[in-house]
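J.: here is the input, now give the coordinates:
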Amino acid sequence: MSKYLFLLVSFTCFAIQENESPETVWAYSPKHFDCSPNEISVNGSVSIMFGENSFKELAIYREPDSTWLFLVVDSAPKEMKSLMSTSQLKATSLVSLTPETMGFRWEANGFNEILFTVPGKYTLYNSDNLESEMGGYKCDIVITRS
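T.: You can find the predicted model right below:
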């Protein structure tokens with residue numbers, strides 16, 4: 001009975017700790033980070049406007065095929081064709097993503113690929129450290145067939 005009680009208490013403590021871990025906060029804030037227009041064709045372009053509190057890393061999540069593509073990151077792998085440096089991103093107020101813009105799949109055999117290849121929802125993320133719980137800003141766009 002005491003072993004059972006010990007396991008139950010241990011599991012409960014673990015579950016409580018899991019529920020108390022902070023969730024990453026990604027804020028929609030057009031004043032700080034905005035995508036315009038919010039809907040484009042696969043052959044269209046979108047402007048990303050950064051406010052004065054922008055961050056130094058940028059990525060996009062392509063929802064239709066659950067793909068993360070990184071555009072600007074600190075310590076990028078040599079294979080990655082970055083959109084610009086982190087210091088350039090932090091200093092800019094506007095970036096244009098075109099049908100030719102590429103992002104990097106951060107995988108075991110990562111590679112660069114064109115961003116807008118599949119119609120559907122895309123979410124852009126701007127943070128000082130995309131691979132942390134730090135959070136930052138996000139905005140959504142929808143890509144249509146044409």
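J.: part of a strand, is P64?
T.: No. Using DSSP: H, G, I helix; E, B strand; the rest coil, the assignment for P64 is helix, not a strand.
J.: tell me how far it lies from V42.
T.: Using Cβ to Cβ, to the nearest Å, P64 is found at 12 Å from V42. Yep, even glycine has a C-beta here, placed from its N, CA and C like the rest.
J.: ok, residues contacting the helix or strand where I141 lies?
T.: Assessed by DSSP states H and E, I141 sits inside strand 136-144. Applying Cβ atoms under 8 Å, 6 or more residues apart in numbering, the external contacts of strand 136-144 come out as 26-30, 32-35, 37-42, 44, 46, 48, 54-55, 116, 118-128, 130.
J.: of the residues you listed, which qualify as buried by neighbour count?
T.: 26, 32-35, 40, 44, 46, 48, 54-55, 116, 122-127, 130 (16 or more other Cβ atoms under 10 Å).
J.: what about A108, neighbour count?
T.: 5 (other Cβ atoms under 10 Å).
J.: which residues sit in contact with it?
T.: Applying Cβ under 8 Å, 6+ apart, no residues qualify as near A108.
J.: A strand includes it, no?
T.: No. Assigned with three-state DSSP, A108 falls outside any strand and is coil.
J.: quick one: it and G44, what's the gap?
T.: 32 Å.
J.: any idea how far A91 is from the nearest residue to S127 once chain neighbours are set aside?
T.: Spatial nearest neighbour of S127, chain neighbours left out: G136 (3.2 Å); criterion: Cβ to Cβ, 6 or more residues apart in numbering. To A91, G136 is 17 Å away according to Cβ to Cβ.
J.: those two - which one has more neighbours?
T.: More crowded of G136 and A91, by other Cβ under 10 Å: G136, with 24 against 12.
J.: give the bridge partners for the more buried one, please.
T.: W26 (DSSP bridges).
J.: swap in F33?
T.: Counting by DSSP bridges, the residues bridging with F33 are S29, F50.
J.: would you map the helices across this protein?
T.: With DSSP state H as the criterion, the chain has helices at 2-20, 86-91.
J.: returning to that earlier point: the buried ones among the contacts of strand 136-144 in strands, which ones?
T.: Among these, the ones falling in strands (DSSP state E) are 26, 33-35, 40, 46, 48, 122-127.
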